[in-house]
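Visitor: Here's a sequence, model it:
(2 chains)
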Number of protein chains: 2
Amino acid sequence: MKKGNTIFFKNRPCILSHAAVCGSKEKEGVLGKYADVTLQDDMYGESTYEKAECKMLSAAISLAIKKSGLGEDKIDVLLSGDLLNQIISASFAARDFKFPFLGLYSACSTMSESILLGAALVNAGYVNTAVCATGSHFASAERQYRYPLELGCTRPPQAQWTVTGAGGLVLGRAQKGIKVVNGTMGAVCDFGVTDVNNMGAAMAPAAAQTIISHFNDTETSPEDYDLILTGDLGALGSRILKDLTWEKGYDISSRHVDCGEIVYKVIESEFQGGSGAGCSATVLNSYILTKMNAGLYKRVLFAATGALLSTVSSGQGESIPCISHAVQLEV
Amino acid sequence: MKKGNTIFFKNRPCILSHAAVCGSKEKEGVLGKYADVTLQDDMYGESTYEKAECKMLSAAISLAIKKSGLGEDKIDVLLSGDLLNQIISASFAARDFKFPFLGLYSACSTMSESILLGAALVNAGYVNTAVCATGSHFASAERQYRYPLELGCTRPPQAQWTVTGAGGLVLGRAQKGIKVVNGTMGAVCDFGVTDVNNMGAAMAPAAAQTIISHFNDTETSPEDYDLILTGDLGALGSRILKDLTWEKGYDISSRHVDCGEIVYKVIESEFQGGSGAGCSATVLNSYILTKMNAGLYKRVLFAATGALLSTVSSGQGESIPCISHAVQLEV
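Guide: Numbers count the residues shown, from 1 in each chain, chains lettered A, B, ... in the order given. Okay, the predicted model is just below:
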């Protein structure tokens, strides 16, 4: 059931339903058509951005459960985390539900980590259903990681834009639908990048490591996938990923799509594209899974990436350790 | 394999080895005799407290692996988290190792969450070995959650003292030794406590909920356990836990021990006792598991508790959601 760093799920846990909530800027792009809820105002009726972020996550969880047709009493566990200190969005969202909560932190790769662990729990029969969810908010991320919006700081050209949005899905057992076939656990990868405004370059080696490890463990090649989907490498990071995998003998260029690259209409102010835990969470749980259910994509490798830094670690001169967990999805 | 919120591990994953590192203050108590490494200086030769915390965690992981007799190449995954923003101690410690890393966050209940998930992965045959570890540092926690030490702020009488220490264990499959029999996943519990200096009172209801859920799911009662071990409720929180469980018909008073209560020699300056993710991690991975291996305790219910707040959530007037995950250990 395990080879290398990949766990195989022979009972093939299924994605019963999925839901996404996105902000006002995000709805101008692809999410506008595919997200379940699009906000008029990114405050979402709350008094702070952090509370708005939590409310989006809670709404995505509720919606995914509702769309699964199961009652909340049929949900066995929530696996979630987010970017805020002490993952308060996930913890406070979990307070809205009675089922158990397993808190995760894997920065922007939380979506794939939660699917990997959720599928492991469902596949082994430990639980019948698991909700996997995460999200982020541009304004709360800017305040915590960079500068308060009110300062009006300029952004460097290699910067990304944290997605305001949340996505979640319900895993369970079913005959039909999108199955989680296997999951490749990532190891921490640090190439010594210290520029906190250039996450794509920092995370690309972690994505390359996990994707190549996945190909080896599953004895597949890029041609076996309709889509190799990374989380939020952005334009520059995606180029680096393609180079790194090409150097190892894998040409992913014709299959690779990065959620950060497609989430916005690329206009000048987003620079490299979207980022944040909500980036891959919203794109996967709206556009991608909808297209998979419609039969457009049959086999997708979803490898979200996370930069495991904090403002303190960067302030103390540390480089940025990164990670990527991947799950293989099949209709 | 599941009943209520409890997952049963019929292949009974084993604790192959365990290790603990503790600070200079901690070694004056019970940890002085049982911890593997006791620090002379809590800086541990590093330039910052955060780096010292990370080094302790890394040392506990290395030591546990060394004591298991397995090479690092035989370790399949690390499950870890800590109290620092973006769990940098765990992420940077994971950088020292080549095996995959699954980041968790469950505040001070990270130790039991990691054992629960690690045992689930080993029991299902997904991995052969898993390292579960966490830690904390008094000075980094004070700086992040309260005030810099240099300010010399006074502490209220209900305050606890964050333990400087880290603990880890290696799970695998073996005929003999301490087995992880089952794990009870906790749900978030919020009784509306807002006093960030009174974590014991905030966390006690979560511990009560999980422990009672465990008794129901496993059809056991307090008398079936040699020890019911909570993480860091402290003196006041422990009294509240005993009251809450007693109200539900379970008298745990003769079996209950709190790691926070026993970690220090209770002198005036620690008030309610120890706290922090390192509190239960060090006590479990030194004193308790050593005594279990010696046959003193045969069956232990380990229910660490976590307060899922952040300085931002408290600053925005939120109460403190808490959680407790429990694992049943048996020789």
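
Visitor: Helices of the stretch 201-331 of chain A, residue ranges please.
Guide: Along the stretch 201-331 of chain A, the stretches classed as helices by DSSP state H, counting those that start in this stretch are A:234-247, A:259-262, A:277-283, A:289-293, A:311-315.

Visitor: got the CA coordinates for the fourth one in CSV?
Guide: When you say that, I think you mean helix A:289-293. This file holds the C-alpha atoms of helix A:289-293, laid out as CSV (Å, rounded to 0.1, in the frame of the first residue of the first chain):
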residue,chain,number,x,y,z
LEU,A,289,-13.5,19.3,-10.0
THR,A,290,-16.5,20.6,-12.0
LYS,A,291,-14.5,19.9,-15.2
MET,A,292,-13.5,16.5,-14.0
ASN,A,293,-17.1,15.6,-13.2
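
Visitor: just how off-centre is it within its chain?
Guide: In terms of C-alpha atoms, centre = their mean, to the nearest Å, the centre of helix A:289-293 is found 16 Å from the chain centre.

Visitor: One more: the last one?
Guide: In terms of C-alpha atoms, centre = their mean, the gap separating the centre of helix A:311-315 from the centre of its chain is 23 Å.

Visitor: Say whether chain B is contacted by it.
Guide: Yes: Helix A:311-315 reaches chain B (C-beta under 8 Å from any C-beta of the partner chain) through A:311-313. (C-beta placed from N, C-alpha, C; glycine too.)

Visitor: mind listing what's buried in that helix?
Guide: Of the residues in helix A:311-315, those buried under the neighbour-count criterion (16 or more other C-beta atoms under 10 Å in any protein chain shown) are A:312-314.

Visitor: helices or strands next to it in the packing?
Guide: When contacts are defined as 3 or more C-beta pairs under 8 Å, 6 or more residues apart in numbering or on different chains; DSSP states H and E, helix A:311-315 packs onto helix B:88-94.

Visitor: Could you do the first one as well?
Guide: Contacts of helix A:234-247 with other secondary structure elements, assessed using 3+ C-beta pairs under 8 Å, 6+ apart, are made with helix A:199-218, strand A:227-230, strand A:256-258, helix A:259-262.

Visitor: Between the helices of the stretch 201-331 of chain A, which shows the greatest average number of neighbours?
Guide: helix A:277-283 (a mean of 37; mean count of other C-beta atoms under 10 Å in any protein chain shown).

Visitor: any idea of the mean pLDDT for it?
Guide: Per-residue confidence for helix A:277-283 averages out to 97 on the pLDDT scale.

Visitor: is chain B contacted by that helix?
Guide: No: with C-beta under 8 Å from any C-beta as the measure, helix A:277-283 is seen stopping short of chain B, the closest distance being 11.5 Å.

Visitor: And stretch A:88-97, by the same measure?
Guide: Yes: judged by C-beta under 8 Å from any C-beta, stretch A:88-97 comes into contact with chain B through A:88, A:91-92, A:94-95, A:97.

Visitor: Settle this for me: A:Ala166 is touching A:Gly23, isn't it.
Guide: No: taking contact to mean C-beta atoms under 8 Å, the distance of 9.7 Å between A:Ala166 and A:Gly23 leaves them out of contact.
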